[in-house]
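K.L.:
sequence? don't have it. structure:
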């Protein structure tokens with residue numbers, strides 16, 4: 001793992017933002033250091049803890065959780081799946097993938113419906129997802145998702161399409 005440490009040098013000794021300079025293990029520095037490097041699982045865990053605490057304090061919602069939906073064939077090979085989170089009545093789909101040879105078999109729709117049902121079971125009444133423009137925005141839109149915005153700059157001239165779906169209509173339709 002390659003790491004680069006950078007010392008933050010104050011400007012004029014007045015506590016103002018300063019310049020960054022690379023340091024070696026022989027340098028003796030006081031105060032914070034900025035380090036860049038590979039993925040750091042411990043850091044990610046700490047950042048998540050800190051942001052969850054901040055978000056809970058700001059919103060009052062502390063019911064953060066995760067779930068998945070998985071489809072395997074008779075040989076135990078992955079056909080497709082979904083990873084999602086729930087928080088404060090909101091479900092966020094992080095990943096949905098279906099094996100290429102199974103994409104015309106309706107697995108994407110079944111996986112998505114199962115996730116929406118699980119989200120409702122967990123108290124969610126809305127879902128968000130984003131999909132690159134070359135992936136599946138049309139798939140989500142066919143399932144009632146509405147585009148809420150786009151982020152440009154995806155490689156190849158593509159965009160990240162952000163979508164939203166209310167689960168309230170679906171829940172009310174299923175009532176006797």
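P.N.:
Thanks, I have it. Keep in mind the model is a prediction, meaning the values are calculated, not measured.
K.L.:
C-alpha from now on. contacts and neighbour counts both.
P.N.:
Fine.
K.L.:
doesn't residue 91 fall inside a strand?
P.N.:
Yes - applying DSSP: H, G, I helix; E, B strand; the rest coil, one finds residue 91 inside a strand.
K.L.:
with adjacent residues omitted, what lies nearest to it?
P.N.:
residue 127 (4.6 Å; Cα to Cα, 6 or more residues apart in numbering).
K.L.:
ok, now residue 78?
P.N.:
According to Cα to Cα, 6+ apart, the nearest residue to residue 78 is residue 72 (4.5 Å).
K.L.:
identify the residues contacting that neighbour.
P.N.:
By Cα atoms under 8 Å, 6 or more residues apart in numbering, the contact list for residue 72 reads 78-80.
K.L.:
is it possible to mark the buried ones in those residues?
P.N.:
79-80 (16 or more other Cα atoms under 10 Å).
K.L.:
quick check, nearest of the contacts of residue 72 to residue 68?
P.N.:
residue 80 (10.8 Å; Cα to Cα).
K.L.:
secondary structure element for the closest one?
P.N.:
For residue 80, the host element (DSSP states H and E) is strand 78-87.
K.L.:
who are the neighbours of that strand, in terms of helices and strands?
P.N.:
strand 65-72, strand 90-98, helix 107-121 (3 or more Cα pairs under 8 Å, 6 or more residues apart in numbering; DSSP states H and E).
K.L.:
so which bits of that strand are buried?
P.N.:
Buried residues in strand 78-87 (16+ other Cα under 10 Å): 79-87.
K.L.:
now do stretch 60-77
P.N.:
68-69, 71.
K.L.:
and it, how far out from the chain middle?
P.N.:
14 Å (Cα atoms, centre = their mean, to the nearest Å).
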